[in-house]
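> give me a model of this one.
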Amino acid sequence: MSFYARGFNLYLLLAVLLCGCAGHKNKEFLGILRVHIESRGNLPDAVKTVKVLRSEPVEVTINPESILSENNMLAITLVNTPGGFAIKVKFDETGGWTLEQYSAANPGRHFVIFGQWDKNPDDGRWLAAPMITHHIADGTLVFTPDCSREEAQKLVKSVSHSIQKIQTGTLKS
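Coordinates of the predicted model:
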């Protein structure tokens with residue numbers, strides 16, 4: 001029996017390159033949505049200052065570690081509101097508990113929300129800083145983002161894709 005290792009390796013390499021390149025072109029960007037909490041800490045390593053809102057930027061000091069992310073989400077939707085739209089995020093059990101705990105313990109502070117909907121770094125920014133006015137017990141966060149409806153639709157689509165990948169186990173959380 002003859003075995004031609006060189007020919008086999010060449011064909012294997014060619015197959016991997018063709019399949020890998022074709023698969024790479026079809027990949028959708030996995031969106032990012034992170035919720036941070038406003039911080040009043042004085043330790044410089046434990047805080048980060050970010051600017052929220054583009055027309056009249058407001059500086060908010062946050063804990064750089066997010067408290068919630070797409071790993072904790074069940075669904076994200078774009079909802080119509082009087083005069084515009086909002087983004088509604090439904091969290092899983094753990095995310096719901098986290099949202100409840102932080103909203104109960106931090107009235108008067110802000111949730112600060114970062115979103116990215118495309119590979120281009122300009123397509124990601126600090127979108128909102130809703131004030132915590134009440135205890136959120138239903139695991140749902142609704143906020144009005146500082147973005148166009150088209151950007152919000154892209155965000156919802158890309159984050160939904162991330163949620164689906166996480167839920168099916170095809171993306172490691």
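> gap between the residue nearest in space to the middle of the chain and Gly95?
Closest to where the C-alpha atoms of the chain average out (Cα atoms, centre = their mean) is Leu33, at 1.7 Å. Distance, Leu33 to Gly95, using Cβ to Cβ, to the nearest Å: 11 Å. Yep, even glycine has a C-beta here, placed from its N, CA and C like the rest.
> spell out which residues are contacts of both of those two.
Residues touching both Leu33 and Gly95 by Cβ atoms under 8 Å, 6 or more residues apart in numbering: Met73.
> what are the boundaries of the helices in the protein?
Assigned by DSSP state H, the helices in the chain fall at 5-25, 93-105, 149-168.
> low-confidence ranges, the protein, go.
For the chain, the stretches flagged by pLDDT under 70 are 1-28, 41-45, 171-173.
> switch to 80 and redo it
Applying pLDDT under 80 to the chain picks out residues 1-29, 41-46, 120-123, 170-173.
> what is the burial count for the nearest residue in space to Gly139 that is not next to it in sequence?
Nearest residue to Gly139, sequence neighbours excluded (Cβ to Cβ, 6 or more residues apart in numbering): Gly96, at 2.8 Å. Neighbours of Gly96 under the rule other Cβ atoms under 10 Å: 20.
> repeat that for Arg109.
Neighbour number of Arg109 under other Cβ under 10 Å is 18.
> wait, it touches Thr133, no?
No: assessed by Cβ atoms under 8 Å, Arg109 is found out of contact with Thr133, at 10.3 Å.
> which residues are in contact with both of those two?
When contacts are counted by Cβ under 8 Å, 6+ apart, the set common to Arg109 and Thr133 is empty.
> quick one: contacts for the nearest residue to Asn106 once chain neighbours are set aside?
Counting by Cβ to Cβ, 6+ apart, Asn106 lies nearest to Ile132, which is 5.3 Å off, once chain neighbours are set aside. Going by Cβ under 8 Å, 6+ apart, Ile132 touches Tyr102, Ser103, Asn106, Pro107, Gly108, Arg109, His110, Phe111.
> give me the phi and psi for Ile132.
Note on Ile132: backbone dihedrals following degrees, to the nearest 10 are phi -80, psi 110.
> and it, how far from Cys147?
As judged by Cβ to Cβ, Ile132 and Cys147 stand 21 Å apart.
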